[in-house]
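# sequence and predicted structure below; questions after.
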Amino acid sequence: MRTLWLAFALLVLLCPVAKAQSPIEDSLRQIARQLTRLENERQLLLQQQEKLKLARLRADLLRAGLPTGADGAEIVWHQAMALAYAEEYEQARWVAHLILPDVVNGVIGRSNDFRPDSLVKSGSAVEADYFLKFLQPDGSYRYDGFGYDRGHLAPSADFRWSATALSESYLYSNMSPQVDSFNRGIWGNVEDKLREYVYRHPGTQLFVVTGPVLHPQLPRIQRGVHRVAIPQLYWKVVLDEERRRGIGFVVPNKAGYQPLESYSVTIDSVERLTGLRFFSQLMPGEMASIKGGVQRADWFAEVASGDVEPVPIPELRRGQINTLMARQSMGSSRPITVVGKVVSGRTSRAGNVLLNLDKQYPNELFSIFIRKEDLANFGYDVLPYLKNKRIAVTGKIDDLGGKPVMYIDSGRLLDVMPSQ
């Protein structure tokens, strides 16, 4: 009996607390419903915003003028890009898109939803043009690749502000057979450089057209169902309308080790190479000068900050090489003379001096390493004296982290060249 009374008394004591908590719980549930409603409204607004951006993107592409001269190619419009599909090569002759300022804050990741392009009337390339896959008894797949990447022409990372646009970039009409070391190396670096440009110039929109150089003599993927042509060269043209500047790129479909700016060309030269005409509707009075010249320092921050081109081969004397050629001589047992300009350098905590020729860290092409104990053999303060001078240095070229370096211990191995 005593136990029952205690239980009853405890219940009476707790009831006011329960009643006191009820309005709080009701308020929390009400706020949760409001938040859900606001999130639904937010998602609806974001969808409307995306549609408007895609509509504006298409209008801007039309305003600029799609490339002309792709005879026989089928023009296909998607929401975030336009392309000219060349059926005889089973890939696009060109793909036009915009890099919007929104790419800076884009957070959408790779979708990898590769699929045929249903809008290509003649039928686009398909998965079996690049590899075969076979279902195994355990449910996994065995892959039989044909040796080439499904390389994007308009890169997916340019569209990470829109799930719709990014997904479109995985259509096979936007793919071309690319050597893996090209696709994941120098070509990817070109794409990164353009996004970096947008990062460095907030609010900037870039017009971009990309394509392969197509001609009947190209080799084919023989095992693919459509025998897709394998381009030997790829090109890209870019326009910053606001700043009245443009640039082109022509890059071989193979591993590339040259500085990015060495692949840059004028838009005019890409027009001559491809037979296409770009941006014909924009600034007709100014486009001739924009297409006919390129200021590399406008596009490459490293050039603006002091990087230079490797010494042209005709300027080299017998027995000399430039910094770009140094990679090929790594590990050679014979002394080699390398010529270049000291564009940067540093002294390590241990007191050693490292000099970079032509390209600054982390894009260095060739470096000189002088140990602390050898600095007395030079007769001058190495770093300030040699900075911004063209030099010729002789020795064996070693491999330091995959990049060529020369260890020298005396000023006798180094000559300062006449001012250029």
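That came through, no problem.
# gap between residue 76 and residue 281?
Counting by C-beta to C-beta, to the nearest Å, the gap from residue 76 to residue 281 is 20 Å. Any C-beta I mention is one placed from the backbone N, CA and C, and that applies to glycine too.
# looking at these two, which one has more neighbours?
Ranked by neighbour count (other C-beta atoms under 10 Å), residue 76 and residue 281 place residue 76 first, with 19 against 12.
# where in the protein is pLDDT low?
Along the chain, segments meeting pLDDT under 70 span 1-21, 419-420.
# who does the nearest residue to residue 295 once chain neighbours are set aside bridge with?
Of all residues not flanking residue 295 in the chain, residue 245 sits nearest, at 6.8 Å (C-beta to C-beta, 6 or more residues apart in numbering). Beta-bridge partners recorded for residue 245 (DSSP bridges): residue 240.
# and the helices in the stretch 51-200 of the chain?
Ranges of helices within the stretch 51-200 of the chain are 163-168, 180-181, 187-200, based on DSSP state H, counting those that start in this stretch.
# I'd like the ones you listed as TSV, with mean neighbour count appended.
Shown next, in TSV, are the helices of the stretch 51-200 of the chain (neighbours: other C-beta atoms under 10 Å):
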stretch	mean neighbour count
helix 163-168	20
helix 180-181	14
helix 187-200	17
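# chain center to stretch 79-86, what's the gap?
On the basis of C-alpha atoms, centre = their mean, to the nearest Å, stretch 79-86 sits 20 Å off its chain's mean C-alpha point.
# what's that stretch in contact with?
Stretch 79-86 is contacted by residues 54, 57-58, 61, 66-67, 70, 72-76, 91-97, 117, 120, 122, 124, 153-154, 159, 162, 164-165, 168-169, 173-174, 214 when judged by C-beta atoms under 8 Å, 6 or more residues apart in numbering.
# what of stretch 369-389?
In this structure, residues lying in contact with stretch 369-389 by C-beta under 8 Å, 6+ apart are 306, 341-347, 350-355, 400, 405-411, 414, 416-417.
# what lies in contact with stretch 219-232?
Identification of contacts with stretch 219-232 by C-beta under 8 Å, 6+ apart yields 88-91, 125-126, 128-130, 132, 146-148, 176-177, 212-214, 218, 252-253.
# ok, now with 10 Å
Stretch 219-232 is contacted by residues 86-91, 123-132, 144-148, 151, 172, 175-179, 211-218, 252-254 when judged by C-beta atoms under 10 Å, 6 or more residues apart in numbering.
# out of these, which sit inside strands?
86, 91, 131-132, 144-145, 151, 175-178, 211-212, 252 (DSSP state E).
# would you convert those residues into CSV that also reports neighbour count and distance to residue 271?
Output for the ones in strands among the contacts of stretch 219-232, formatted as CSV (neighbours: other C-beta atoms under 10 Å; distance: C-beta to C-beta, whole Å):
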residue, neighbour count, distance to residue 271
86, 21, 18
91, 29, 20
131, 16, 35
132, 15, 39
144, 9, 40
145, 12, 35
151, 24, 23
175, 27, 24
176, 29, 20
177, 27, 24
178, 23, 23
211, 27, 12
212, 26, 15
252, 16, 19
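# by contact count, what packs against the longest strand anywhere in the chain?
Counting residues, the longest strand found in the chain (DSSP E) is strand 336-347. Where contact means 3 or more C-beta pairs under 10 Å, 6 or more residues apart in numbering; DSSP states H and E, strand 336-347 is packed against strand 320-322, strand 353-357, strand 366-370, helix 382-386, strand 390-395, strand 403-407, strand 414-416.
# pretty sure residue 399 contacts residue 367?
No - the pair residue 399 / residue 367 is not scored as a contact, 11.4 Å apart, by C-beta atoms under 10 Å.
# residues shared between the contacts of the two?
Residues touching both residue 399 and residue 367 (C-beta under 10 Å, 6+ apart) are residue 405.
# look at these two and report which has more neighbours.
Per other C-beta under 10 Å, whichever of residue 399 and residue 367 has more neighbours is residue 367, with 21 against 11.
# who's in contact with the more buried one?
Contacts were defined as C-beta under 10 Å, 6+ apart; by that measure residue 367 touches 323, 326, 344-345, 354-357, 359, 361, 400, 403-407.
# and what of residue 76?
Counting by C-beta under 10 Å, 6+ apart, residue 76 has contacts 82-85, 92, 95, 117, 119-121, 124, 171, 173.
# among those residues, which two are most distant?
Based on C-beta to C-beta, the longest span within the contacts of residue 76 runs between 95 and 121 and measures 17.2 Å.
# more neighbours, these two?
Neighbours per residue, other C-beta under 10 Å: of residue 95 and residue 121, the larger number sits with residue 95, 28 against 11.
# good, wrapping up.
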